[in-house]
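# no sequence on hand, only this structure:
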């Protein structure tokens, strides 16, 4: 299935990612599903890291990646856009949330999530419900779940 990049495209934002294989898998998911990948630096690895390159293979579409030098730059650029933070600390389930096609879906760092200052800047927070006493899903898995629900609700690619 192919897609055309439009001005209304879902965006996956990764806050200071630190595992190259996860970021590569997310880049691949974004490429296949038509989402833009946004990376908020500092990143815990280089994009020429062999672990990143091995997973991303030939799916890396540099025109669909945006790098922000800091969280401050990210939030300044996004001041007129809706950001949704996906966090285990949210009360609202992702299945109870109404997505828009041009939402920015913000995911925290694998080892830490996002700091409290980021939590305070984001109004919309959702979670993926899990069985009790489980900490979290793999980041790439979480992105696939949330992005798929965004695409399902907005019919972005399902009817192409």
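Looks like it came in fine. Bear in mind that the values here come from a model prediction, so they are computed numbers and not experimental data.
# for this structure, what helix or strand is lowest in average pLDDT?
For the chain, counting by mean pLDDT, DSSP states H and E, helix 50-56 ranks last in confidence among helices and strands (a mean of 58).
# after it, next one along is what?
strand 65-68 (DSSP states H and E).
# what lies in contact with the helix or strand just after that following strand?
Reading on from strand 65-68 to the C-terminus, the next helix or strand found by DSSP H and E is helix 71-77. For helix 71-77, the external contacting residues (Cβ atoms under 8 Å, 6 or more residues apart in numbering) are 13, 15, 38, 40, 68, 117, 118, 121. Quick note: C-beta positions are derived from backbone N, CA and C, even for glycine.
# how far away is residue 129 from residue 93?
5 Å (Cβ to Cβ, to the nearest Å).
# intersection of neighbour lists for the two?
Counting by Cβ under 8 Å, 6+ apart, nothing touches both residue 129 and residue 93.
# just the helices in the chain please.
Applying DSSP state H to the chain gives helices spanning 20-33, 50-56, 71-77, 116-121, 139-154.
# per-residue pLDDT of residue 7, please?
At residue 7, the model reports a pLDDT of 55.
# just give the closest residue to residue 19, not the sequence neighbours.
Spatial nearest neighbour of residue 19, chain neighbours left out: residue 110 (5.0 Å); criterion: Cβ to Cβ, 6 or more residues apart in numbering.
# mind listing what that neighbour touches?
17, 18, 19, 22, 139.
# with residue 35 instead?
9, 10, 11, 12, 29, 64, 147.
# and the gap between the residue lying closest to it once chain neighbours are set aside and residue 133?
Leaving out its chain neighbours, the residue that sits closest to residue 35 by Cβ to Cβ, 6+ apart is residue 10, at 4.6 Å. Note on residue 10: its distance to residue 133, by Cβ to Cβ, is 31 Å.
# okay, now the unreliable bits of this structure?
The chain contains residues with pLDDT under 70 at 1-7, 44-61, 63, 157-160.
# now the terminal residues of stretch 108-128, how far apart.
Stretch 108-128 has its terminal residues 14 Å apart, counting by Cα to Cα, to the nearest Å.
# from the chain's centroid, how far away is it?
Counting by Cα atoms, centre = their mean, to the nearest Å, stretch 108-128 is centred 12 Å from the centre of its parent chain.
# ok, now stretch 130-137?
Distance, centroid of stretch 130-137 to centroid of chain: 20 Å (Cα atoms, centre = their mean).
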